[in-house]
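Q: coordinates only, sequence not included:
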DNA sequence: GCTCGTCCTTTCAACGTTGTACAGACTTCG
DNA sequence: CGAAGTCTGTACAACGTTGAAAGGACGAGC
């Protein structure tokens, strides 16, 4: 059986509370008493039961992080950053998969592991605003990814439109004029997908270039296979872009694979820009130019925002949008030409 | 404030315990009473406080999973599998990073989040047997990765020697004779690294081939950069293998990148085999032949082993070694030639 | 009308911890 | 030397839940 305060108290011949005081470094304890209790603690190998402590205190020190899928390196890297950031604040992270399914996302937002977690960081793909409007759970919530609504939850985002425009501008600067966008999904609630497409349109318009439908490659998801499929479909249709801007690095990598199979050389025949800056993009046969969101900043903002809400529950963060920086990282996939 | 049993009880005009009975589907409750209580529950949006429930019951429904680093896709994919497997048993997973540092691993094994977690799955890199011998925490522990010791903890492994031999045999079968091994680290306690090297030696010996030191590429870690460095060092030294067997896919990918930079074509000039079967290996310019451990099986065995220990605490699993299957997946990096 | 049994509901205590309130001892100072 | 203050340790209750056991209502049987 586990050692509890009671056992230590009996061993040291003091009250339970005194042991508790020693454990918590309460100030008014004589050195002699402290030493005696500490000895008993060490002998018995006592460790506080956090469940009980937190039942009493109302805090557990556990944050939940709900992501679509750890198999996606972007989310895995982000999760790693959140875990490290949480650890810096003496918190641990409970991880859950939503599979990017709306139903699971709703479930998680409504009350995941109720009473166990102090806060929830949710990275939704398909969650709708109305799903959140009916939320009753009082666990503080932070959303990751750009959203548009008036709900009292903080969300951490980067400026997707600006980021997409930066990527497209980079390609234009390299002399590319037929720039495809891969990763369009009109049926999805995933705002970043829409915003990146919008950024693509805007930047082309600003350059006085057309944005024909044939250069928009729809995908079923945003994994490597989806990128490959979309690229293949576009090429099969006889469309021949001289550059590709992809929703994310995975889609870009899938596309590059197909370009390679079809004998189109990256970057000579087709330049490619991805999004996310996953480690994978730094080591392929052709390294990938990408928009790099500051993942550590996103993690930091999310955790800090939760902590702030925990400290000050009434001051709800009125849909405050916290913005993280991004930068374009140039690699081989957009080298050369002009 | 959160709604508790007490609130519901007051609203429904019954005792706390009756509400508890309804919540837990206790059998002797009249339908009328059940309906009345259920109505109150729904009105108030009551959700059980798991912390309290589990303080009472002694279980939290939370497993901890401690991994070196989520940035490594193998661990990310494995974590995903564990999360899914845990979810199938109504458990959630608390994730922690060890960074592969012995000190952190010891800390975690000694009592991570004491009293909160029901069990611990630890994937150690540098942990030594003696670190575990002094373990006092009574949380059930399962280790991932091949180990050699007589401690009362289950560990889940694949047969690394056999797996390495299979990989090398595959290369031999393709007519390769100068097969390098990348990822040797003599200073590490990481057994799989030693075992895979041993498998490489054994298979070469079985084929009557030499295993010269120059074909052994030491690395500082096992990431892409480490593989690239080791490969570059070997080539710079004038060593020219016709195949590479790498400790893992990341090292293999780093090596392929360098081979590509030096104008050596994979698989024509140098064939490459990795280990782990991470998704990344399926989409590069040259897809990667790899040894694929059954990650889902590993996750399943780990979770089930923990659950078994929880159900039956006294029957400690005397260092039981549970073995997962593996297979060789042939892709482009070892195509052709003979 | 009384006893007994059955079924439903409640009371009580406990899981391990900490905040509050308080008692006793010891110090300080006029 | 007495009053006031400070320091140290203790008793109690509470966090929200559930198992054990007791309480109460109701109908059946005599």
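A: Thanks, I have the structure now. This structure is a prediction, so every number in the text was calculated from the model and none was measured. Residues are numbered from 1 along each chain as shown, chains lettered A, B, ... in the order given.
Q: can you show me the strands along the stretch 51-200 of chain A?
A: For the stretch 51-200 of chain A, the strands defined by DSSP state E, counting those that start in this stretch occupy A:62-67, A:92-97, A:119-122, A:141-144, A:154-157, A:179-184.
Q: okay, now the nearest residue to residue A:215 once chain neighbours are set aside: neighbour count?
A: Computed as Cβ to Cβ, 6 or more residues apart in numbering or on different chains, the closest residue to residue A:215 that is not its neighbour in sequence is residue A:180, at 4.4 Å. The way it works is simple: take the backbone N, C-alpha and C, and place the C-beta from them, glycine included. Counted by other Cβ atoms under 10 Å in any protein chain shown, the residues lying close to residue A:180 total 26.
Q: show me the contacts for residue A:180.
A: Contact criterion Cβ atoms under 8 Å, 6 or more residues apart in numbering or on different chains gives A:215-217, A:234, A:239, A:241, A:243-245 as the residues in contact with residue A:180.
Q: closest one of these to residue A:82?
A: Of all those, the one with the least separation from residue A:82 (Cβ to Cβ) is residue A:245, at 27.6 Å.
Q: just to check, the closest one is in contact with residue A:168?
A: Yes - in this structure, residue A:245 is within contact of residue A:168 by Cβ atoms under 8 Å, at 5.7 Å.
Q: who touches both of the two?
A: Counting by Cβ under 8 Å, 6+ apart, the residues touching both residue A:245 and residue A:168 are A:179, A:200, A:273.
Q: check what pLDDT residue A:309 gets.
A: Here, the pLDDT recorded for residue A:309 equals 85.
Q: and it, how close does it get to chain B?
A: 15 Å (Cβ to the nearest Cβ, to the nearest Å).
Q: how far does stretch A:125-141 sit from its chain's centre?
A: Averaging C-alpha coordinates over stretch A:125-141 and over its chain gives two centres that are 17 Å apart (Cα atoms, centre = their mean, to the nearest Å).
Q: go on, stretch A:143-163?
A: Distance, centroid of stretch A:143-163 to centroid of chain: 12 Å (Cα atoms, centre = their mean).
Q: buried set for that stretch?
A: Buried residues in stretch A:143-163, counting neighbours by 16 or more other Cβ atoms under 10 Å in any protein chain shown, are found at A:143-147, A:151, A:153-161, A:163.
Q: and what of stretch A:226-243?
A: By neighbour count, and taking 16+ other Cβ under 10 Å as the criterion, the buried residues in stretch A:226-243 are A:226-232, A:234-235, A:241-243.
Q: that one and chain B, any residue contact?
A: Yes - Stretch A:226-243 comes into contact with chain B (Cβ under 8 Å from any Cβ of the partner chain), by way of residue A:228.
Q: residues making contact with that stretch?
A: For stretch A:226-243, the surrounding residues in contact (Cβ under 8 Å, 6+ apart) are A:171, A:174, A:176-180, A:182-183, A:214-215, A:217-220, A:244, A:246, A:250-255, A:257-259, A:262, A:264, A:269-273, A:334, B:283.
Q: in PyMOL, select just the buried ones from these.
A: Selection of buried members from the contacts of stretch A:226-243 for PyMOL, criterion 16+ other Cβ under 10 Å:
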select buried, (chain A and resi 171+174+176+178+179+180+182+183+215+217+218+219+244+246+250+251+252+253+254+255+257+258+259+264+270+271+272+273+334) or (chain B and resi 283)
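Q: among the contacts of stretch A:226-243, name the ones in strands.
A: With strands defined by DSSP state E, the entries of those inside them are A:179-180, A:182-183, A:217-218, A:244, A:246, A:271-273.
Q: pull the number of nearby residues for residue A:57.
A: When neighbours are counted by other Cβ under 10 Å, residue A:57 comes out with 10.
Q: more neighbours: residue A:245 and residue A:168, which one.
A: Neighbours per residue (other Cβ under 10 Å) separate residue A:245 from residue A:168, with residue A:245 holding more: 31 against 27.
Q: sketch out the low-pLDDT regions of chain A for me.
A: Counting by pLDDT under 70, chain A has low-confidence residues at A:1, A:113-114, A:148-149, A:313-319, A:337-338.
Q: could you pull out the helices for it?
A: Listed from the start of the chain, chain A has helices (DSSP state H) covering A:5-12, A:16-23, A:31-44, A:50-57, A:73-88, A:102-111, A:129-133, A:160-173, A:191-206, A:224-236, A:249-261, A:295-311.
Q: hey, which of those is tucked in deepest?
A: For these, the stretch with the most neighbours on average is helix A:249-261, a mean of 26; neighbours defined as mean count of other Cβ atoms under 10 Å in any protein chain shown.
Q: so what's the residue positioned nearest the centre of chain A closest to, chain neighbours aside?
A: By Cα atoms, centre = their mean, chain A has its centre lying nearest to residue A:78, at 4.8 Å. Counting by Cβ to Cβ, 6+ apart, the nearest residue to residue A:78 once its immediate chain neighbours are dropped is residue A:295, at 5.3 Å.
Q: how close does the one you found get to DNA strand C?
A: Here the distance between residue A:295 and DNA strand C works out to 34 Å (Cβ to the nearest atom of the strand, to the nearest Å).
Q: close enough to count as contact, that residue and residue A:82?
A: No - in terms of Cβ under 8 Å, residue A:295 does not count as a neighbour of residue A:82; the distance is 9.0 Å.
Q: what sits in contact with each of these two?
A: When contacts are counted by Cβ under 8 Å, 6+ apart, residue A:295 and residue A:82 are jointly contacted by no residue.
Q: tell me the gap between stretch A:70-77 and the middle of its chain.
A: Using Cα atoms, centre = their mean, we find the averaged C-alpha position of stretch A:70-77 to lie 9 Å away from the chain's own average C-alpha position.
Q: one step back: so can I have CSV of the contacts of residue A:180 showing distance to residue A:69?
A: CSV is the format used below for the contacts of residue A:180 (distance: Cβ to Cβ, whole Å):
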residue, distance to residue A:69
A:215, 28
A:216, 25
A:217, 21
A:234, 25
A:239, 30
A:241, 28
A:243, 28
A:244, 23
A:245, 23
